[in-house]
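>>> could you work out the structure for the sequence below:
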Amino acid sequence: MQKLIILFMSVWCLAACSDHIGETDESTLVAPATHASSSNTAPYNKGDVIPATAFIAHGEVYNAESVIPPQCYTKTDGENNPCYACHQTYKDQKHRPNTMNDGDLQGEYQFSDLGTTNHWKNLFVDRTQLISGISDEAIKQWISQDNYSEFVRKFANDPNWAGEVTPIENLATPKKAFTKQGLATDGSAWVAFNYKPFPSTFWPTNGSTGDAMIRLPKAFRELNGHFSKDIYFANLALVELVMKEASYITVVPVSEKVAGTDLNGDGVLSDAVQTLVARTHYVGDAKSIALTPLLYPENTEFLHTVRYIGVDDDGEIYNAERMKEVRYMKKHSFKSKAELASEYYLEAKEKSFENLPQVHLLGDKGVNSNMGWTLNAYIEDDKGELRHQNSQELAFCAGCHKTLGATLDQTFSFPRKVEGAKGWGYINLASQQDVPNIGEEQGEFLTYFERVGGGDEFRQNKEMLQRWFDDEGKVDTEKVAKAQSVFELITPSPRRALDLNKAYLTIVKEQSYIFGRDAIITEATNVLQHVDEEVAPLDKMFRYKWDLRLNWQYPNRTNFTRVEQP
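Presented below is the predicted three-dimensional model:
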């Protein structure tokens with residue numbers, strides 16, 4: 001295992017760049033750097049605008065605090081709170097394995113000295129001139145290309161590649177890749193699920209579309225060594241039940257006779273049941289494995305693709321064929337609640353001392369979260385082909401999938417799955433309503449608009465402000481309530497979608513991801529370039545308790561109870 005402990009501010013060899021946060025050449029795309037032939041020769045002088053590619057080529061770490069995402073530098077004005085969606089404390093939930101308990105970060109900054117400076121300089125670039133030379137026809141052609149199939153072929157055929165390979169046939173065109181119930185048609189056992197995108201980074205209106213798939217280990221999808229759809233979907237439902245702390249849940253029709261056990265608790269083995277009740281153990285060849293509250297089984301895998309915003313000839317928005325990123329997670333080891341508590345304690349201790357983060361790199365295999373998960377990710381090169389992310393780019397992943405109080409077993413999407421049988425199948429925003437979070441009374445996105453004061457963390461999305469806010473900057477509650485679906489609430493106009501795609505493409509051509517990968521068209525104005533830790537981010541009355549899970553049965557939610565698993 002390779003270990004990178006980033007603790008070297010005293011040898012910050014390219015410190016000149018920190019004096020120029022926000023400076024960039026806004027008139028042309030930054031070309032890949034021409035590097036000196038000798039590593040002992042400094043290719044740049046003080047005052048130069050150093051391209052991201054130079055940091056990578058020379059092995060210099062640009063931002064040792066890349067685990068702090070750009071959103072953490074939002075200007076809150078003491079009351080606009082996007083922080084609550086990530087930073088939460090749940091000391092009253094004794095079975096919750098996530099004990100990060102970082103809700104206090106809504107009220108204070110705990111940055112290292114380095115972290116107080118915002119290194120996400122791409123936030124401060126006006127890209128309107130950069131995208132002016134990209135035609136609508138050119139960007140439509142770009143986003144409609146499949147760059148996933150060749151990516152899988154390349155890595156699968158590379159004898160020197162030591163990381164995972166995650167092929168799903170026809171993934172670029174999901175209608176071909178999955179059945180209506182979400183099962184991959186190629187026999188890979190990946191299952192797509194329909195989930196509500198996390199506020200608001202993953203809303204299409206803010207730059208990207210996306211999807212998520214889960215795959216359980218072989219024992220969870222087999223009976224006596226042979227694949228069984230009945231066994232697989234029963235165990236998938238049990239995993240969902242565990243992550244939602246439900247006493248029972250609906251399931252894709254499965255045979256109790258095949259499973260050899262009573263799944264719905266009626267004492268009779270039936271050919272097809274549609275309800276599954278809580279039990280002590282999984283079924284099939286995984287029958288010896290116990291259900292554990294709010295934890296996935298060992299070797300559970302997730303695949304998440306981040307895509308461009310598709311715009312067809314009729315102006316309809318869809319998940320584009322071209323992928324910006326492919327992200328992968330695997331639970332390589334199961335850690336008990338007690339073991340996780342120890343890891344969270346160490347993280348909280350480091351944060352309280354405002355130390356620089358530790359990122360444990362595994363080469364081709366990605367990043368070890370220390371919480372039992374391996375994270376890996378791929379991103380476009382300057383030609384649009386998916387490549388393995390370098391160490392600085394991968395360190396960014398650890399910020400969200402390691403040290404946030406709001407996550408459940410370090411994940412976001414699966415606990416937000418449309419509940420039960422209806423939620424199996426490729427993501428479909430048009431089928432979703434803006435239901436509340438657990439413990440809330442009004443729609444989640446409406447609540448987010450009110451608490452944040454905009455349609456994104458930076459309050460930068462003017463289209464969302466025009467659509468859902470009045471002239472005084474307050475949410476038009478009645479208008480939001482009339483929206484027919486989540487799709488209507490968070491999908492951009494074709495014009496905005498194309499411009500966002502173009503803006504991101506300029507980042508691709510620059511290969512400047514370590515400066516920020518958010519697709520922002522104009523310079524961000526509601527973002528701090530430097531944090532004053534003496535000023536609290538939010539007044540007490542504007543800090544909130546929140547659960548990322550959703551009340552899908554609102555207002556008549558009778559089948560959801562928080563119970564201890566037997």
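>>> only C-alpha atoms from now on, for both contacts and neighbour counts.
Noted.
>>> tell me where the model's unsure across this structure.
In the predicted model of the chain, residues 1-45, 351-353, 555-566 satisfy pLDDT under 70.
>>> residue contacts, Arg543?
By CA atoms under 8 Å, 6 or more residues apart in numbering, the contact set of Arg543 is Asn81, Tyr84, Gln106, Gly107.
>>> can you give me every residue that contacts the last one?
What that stands for is Gly107. Here Gly107 is in contact with Ala536, Pro537, Leu538, Asp539, Lys540, Arg543 (CA under 8 Å, 6+ apart).
>>> let's see that with 6 Å instead.
Gly107 sits next to Ala536, Pro537, Leu538 when contact means CA atoms under 6 Å, 6 or more residues apart in numbering.
>>> so the first one makes contact with Gln106?
No: in this structure, Ala536 sits apart from Gln106 without contact. The criterion is CA atoms under 6 Å, and the distance is 8.3 Å.
>>> show me where the stretch 151-300 of the chain has helices.
With DSSP state H, counting those that start in this stretch, the ranges of helices along the stretch 151-300 of the chain come out as 174-177, 229-244, 256-259.
>>> point out the most buried one among those helices.
Stretch with highest mean neighbour count among the helices of the stretch 151-300 of the chain: helix 229-244 (a mean of 24; mean count of other CA atoms under 10 Å).
>>> just to revisit the earlier point, got the helices of the stretch 151-300 of the chain as a markdown table, with distance to Gln93 columns?
Putting the helices of the stretch 151-300 of the chain into a markdown table (distance: least, CA to CA, whole Å) gives the following:
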| stretch | distance to Gln93 |
| --- | --- |
| helix 174-177 | 38 |
| helix 229-244 | 13 |
| helix 256-259 | 33 |
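>>> of the ones you listed, which is nearest Tyr504?
Checking these against Tyr504 by CA to CA gives helix 174-177 as the closest, at 22.8 Å.
>>> so how far is the closest one from its chain's centroid?
Offset of helix 174-177 from its chain centre (CA atoms, centre = their mean, to the nearest Å): 22 Å.
>>> what do you get for stretch 191-201?
Centre-to-centre, stretch 191-201 and its host chain are 9 Å apart (CA atoms, centre = their mean).
>>> also stretch 413-430?
15 Å.
>>> now that stretch - C-alpha only, PDB.
Coordinates of each C-alpha in stretch 413-430 appear next as PDB, following Å, rounded to 0.1, in the frame of the first residue of the first chain:
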ATOM      1  CA  SER A 413     -27.200   8.000  -3.400                       C
ATOM      2  CA  PHE A 414     -28.500   4.600  -2.300                       C
ATOM      3  CA  PRO A 415     -30.100   5.800   1.000                       C
ATOM      4  CA  ARG A 416     -31.900   8.300  -1.300                       C
ATOM      5  CA  LYS A 417     -33.300   5.600  -3.600                       C
ATOM      6  CA  VAL A 418     -37.000   5.800  -4.500                       C
ATOM      7  CA  GLU A 419     -38.400   3.400  -2.000                       C
ATOM      8  CA  GLY A 420     -39.000  -0.300  -2.600                       C
ATOM      9  CA  ALA A 421     -39.900  -1.900  -5.900                       C
ATOM     10  CA  LYS A 422     -40.600   1.400  -7.700                       C
ATOM     11  CA  GLY A 423     -37.000   2.400  -7.200                       C
ATOM     12  CA  TRP A 424     -35.400  -0.300  -9.100                       C
ATOM     13  CA  GLY A 425     -34.500   0.900 -12.600                       C
ATOM     14  CA  TYR A 426     -32.400   3.600 -14.300                       C
ATOM     15  CA  ILE A 427     -32.700   7.000 -12.700                       C
ATOM     16  CA  ASN A 428     -35.800   8.900 -13.900                       C
ATOM     17  CA  LEU A 429     -36.300  12.400 -12.400                       C
ATOM     18  CA  ALA A 430     -39.600  12.800 -14.200                       C
END
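>>> mind listing what's buried in that stretch?
Judged by neighbour count using 16 or more other CA atoms under 10 Å, the buried positions of stretch 413-430 are 413-421, 423-429.
>>> if we can go back for a sec, wait, which of the helices of the stretch 151-300 of the chain is closest to Phe396?
helix 229-244 (25.3 Å).
>>> what is the burial count for Gln484?
Neighbour count for Gln484, taken as other CA atoms under 10 Å: 14.
>>> I should have written Phe220 there, sorry.
25.
>>> test my guess that it contacts Lys287.
No: contact criterion CA under 6 Å: Phe220 and Lys287 do not qualify, at 8.4 Å.
>>> which residues in the stretch 401-550 of the chain form helices?
Listed in chain order, the helices of the stretch 401-550 of the chain (DSSP H, counting those that start in this stretch) span 444-452, 462-468, 477-481, 486-490, 494-510.
>>> among these, which is nearest Ala189?
For the helices of the stretch 401-550 of the chain, the distance to Ala189 is smallest for helix 486-490, at 28.0 Å, taking CA to CA.
>>> got a list of contacts for that closest one?
Outside helix 486-490, the residues that touch it by CA under 6 Å, 6+ apart are Trp203, Thr205, Leu429, Ala430, Gln432, Gln433, Asp434.
>>> spell out the residue ranges of the strands in this protein.
4-5, 191-192, 209-215, 222-223, 226-227, 248-254, 273-277, 301-311, 317-331, 358-361, 367-368, 373-380, 386-388 (DSSP state E).
>>> looking at these, which is buried most?
Of all the strands of the chain, strand 191-192 has the most neighbours on average by mean count of other CA under 10 Å, namely a mean of 26.
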